[in-house]
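>>> structural data only, the sequence is not supplied:
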């Protein structure tokens, strides 16, 4: 067997061990989770809600949820969903998953962000 053939796997193995050792020294992130829900029950109006650590917001307009999250909503029309997503992103939230519920109008958006005092 040629000496160089054995050296490549050994170097790769040492690199993997080094990366794992560096990752083990870093504390794991602790996450905080939030859920945004759009829900319409039969014979009811559409409602919007945001729930996260520290409380929740429920309103009949998406604009009201945005206002209560600190966004300056200038007009009376409900803003597009991308406005809400961008604002939550500016607050440190990352969209993780969108779950539509077939059979009735309900869609949930799951978010996370590093909890205070933790690193990512």
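Nice, thanks for sending it over. All values derive from a computational prediction rather than experimental measurement. Residues are numbered from 1 along each chain as shown.
>>> every contact and neighbour count from this point should use C-alpha atoms.
Will do.
>>> and for stretch 46-55, what's in contact with it?
32-40, 56-62, 65 (C-alpha atoms under 8 Å, 6 or more residues apart in numbering).
>>> swap in stretch 85-103?
The contact list for stretch 85-103, computed with C-alpha under 8 Å, 6+ apart, reads 66, 71, 106-114.
>>> dump the residues you listed to CSV, plus secondary structure and distance to residue 95.
As requested, these are arranged in CSV below (DSSP: H, G, I helix; E, B strand; the rest coil; distance: C-alpha to C-alpha, whole Å):
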residue, secondary structure, distance to residue 95
66, helix, 16
71, coil, 18
106, strand, 17
107, strand, 13
108, strand, 11
109, strand, 7
110, strand, 6
111, strand, 4
112, strand, 7
113, strand, 9
114, strand, 13
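>>> narrow the contacts of stretch 46-55 to those in helices?
Taking DSSP state H, the ones among the contacts of stretch 46-55 that sit in helices are 62, 65.
>>> buried subset of the contacts of stretch 46-55?
33-39, 58-59, 61-62, 65 (16 or more other C-alpha atoms under 10 Å).
>>> tell me where this structure has helices.
3-25, 62-68, 81-90.
>>> got the buried residues for the last one?
It stands for helix 81-90. 83-85, 88.
>>> for the second one, same thing?
Taking 16+ other C-alpha under 10 Å as the basis for neighbour counts, the residues of helix 62-68 that come out buried are 62-66.
>>> how far out from the middle of the chain is that helix?
In this view, helix 62-68 has its centroid 18 Å away from the chain centroid, taken as C-alpha atoms, centre = their mean, to the nearest Å.
>>> now do that helix: which elements does it pack against?
For helix 62-68, the packing partners by 3 or more C-alpha pairs under 8 Å, 6 or more residues apart in numbering; DSSP states H and E come out as strand 46-52, strand 55-59.
>>> local confidence estimate at the closest residue to residue 37 other than its chain neighbours?
Taking C-alpha to C-alpha, 6 or more residues apart in numbering as the measure, residue 37 lies nearest to residue 108, with 4.5 Å between them; neighbours along the chain are not counted. Predicted confidence (pLDDT) for residue 108: 94.
>>> could you list every residue that touches residue 108?
Going by C-alpha under 8 Å, 6+ apart, residue 108 touches 35-38, 98-100.
>>> having no further points to raise, I will conclude here.
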